[in-house]
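Asks: quick check, what structure comes out for this input:
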Amino acid sequence: MTPAAGSRPTGFRAVFLGAPGAGKGTQAQTLAKVRQILHLSTGDMLRAEVAGGTELGLRAKSFMDAGKLVPDDLIIAMVEGRIGLASAGKGPITRDWILDGFPRTVPQAEALDRALARAGMALSHVVFFDVPSPVLVRRLSARWTCARCGAIWNTESKPPKQQGVCDHCGGSLKQRTDDRPEAVGQRLEVYERETAPLLDFYQSRNLLRRLDANRSPDVVQHALIQLIQNGAI
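Replies: Numbers count the residues shown, from 1 in each chain. Next up is the predicted model:
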């Protein structure tokens with residue numbers, strides 16, 4: 001049964017929104033550990049499906065190898081499967097999670113709403129990590145990723161102890177092609193065109209809460225936890 005209009009859904013089912021570089025992934029990981037709930041990054045899920053050779057992974061890989069975006073229906077099926085919405089009563093449904101990187105478009109958000117409604121569930125929180133565009137450009141251009149363990153470092157806000165070397169595993173740090181200065185502007189343009197309309201979508205449902213993320217990660221984390229504990233989101 002779909003939750004009644006105006007009722008507050010039980011459980012913690014959150015969508016974290018924000019432009020690339022806003023810090024939503026970092027905050028999702030931290031909050032998931034604090035609350036001991038599932039953190040779902042669509043990028044991580046895609047890589048896991050491909051590495052595992054699943055049917056969804058093989059279908060997604062064919063698009064990725066061709067340099068094309070993975071279609072909405074595959075992404076949605078992957079998310080539904082991961083949290084148990086596609087099990088049709090044959091398996092457990094995960095009722096507490098944070099979605100990071102999904103939905104990216106209004107059609108994806110509408111599909112997520114329908115999938116949750118079929119399971120008698122609804123989103124409980126949508127948080128927008130608000131950061132000015134010039135700051136996003138600086139953050140992304142200074143971001144480096146460990147080629148071995150995937151840890152992310154930032155030469156401005158979170159530099160490694162040794163330049164070019166990951167503190168965690170000693171792997172070499174590489175800059176993703178889409179984090180290079182010449183690509184950052186294009187990424188932000190795509191975000192504004194495809195993902196920013198989600199703000200109005202969730203605002204119209206009285207779910208959206210804005211969080212000033214133009215602060216240090218520790219300060220943003222504290223503010224996020226305070227908002228949740230105080231029932232403000």
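
Asks: contact partners of stretch 219-233?
Replies: For stretch 219-233, contacts defined as CB atoms under 8 Å, 6 or more residues apart in numbering pick out 23, 27, 30-31, 34, 125, 127, 129, 209, 211-213, 215. Just so you know, the C-beta spots here come from the backbone N, C-alpha and C atoms, and that holds for glycine as well.

Asks: redo that, cut-off 7 Å
Replies: 23, 27, 30-31, 34, 125, 127, 209, 211, 213 (CB atoms under 7 Å, 6 or more residues apart in numbering).

Asks: mind listing the residues bridging to Leu208?
Replies: Val126 (DSSP bridges).

Asks: now do the same contact list for it.
Replies: 126, 128, 199, 202.

Asks: one more time with 6 Å
Replies: 126, 128, 202 (CB atoms under 6 Å, 6 or more residues apart in numbering).

Asks: quick one, which of these are buried?
Replies: The neighbour-count test (16 or more other CB atoms under 10 Å) applied to the contacts of Leu208 identifies 126, 128, 202 as buried.

Asks: now distance to Arg59 and pLDDT too, for the residues you listed, in TSV please.
Replies: Shown next, in TSV, are those (distance: CB to CB, whole Å; pLDDT from 0 to 100):
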residue	distance to Arg59	pLDDT
Val126	29	94
Phe128	31	96
Tyr202	29	97
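
Asks: give me the number of residues near Pro160?
Replies: 17 (other CB atoms under 10 Å).

Asks: over to the one 3 residues further on?
Replies: By the measure other CB under 10 Å, the count of residues near Gln163 is 10.

Asks: could you do Asp130 as well?
Replies: 15.

Asks: next one: Arg35
Replies: 15.

Asks: now do Ala147
Replies: If we define neighbours as other CB under 10 Å, then Ala147 has 12 of them.

Asks: please report the distance of it from Val184.
Replies: To Val184, Ala147 is 20 Å away according to CB to CB, to the nearest Å.
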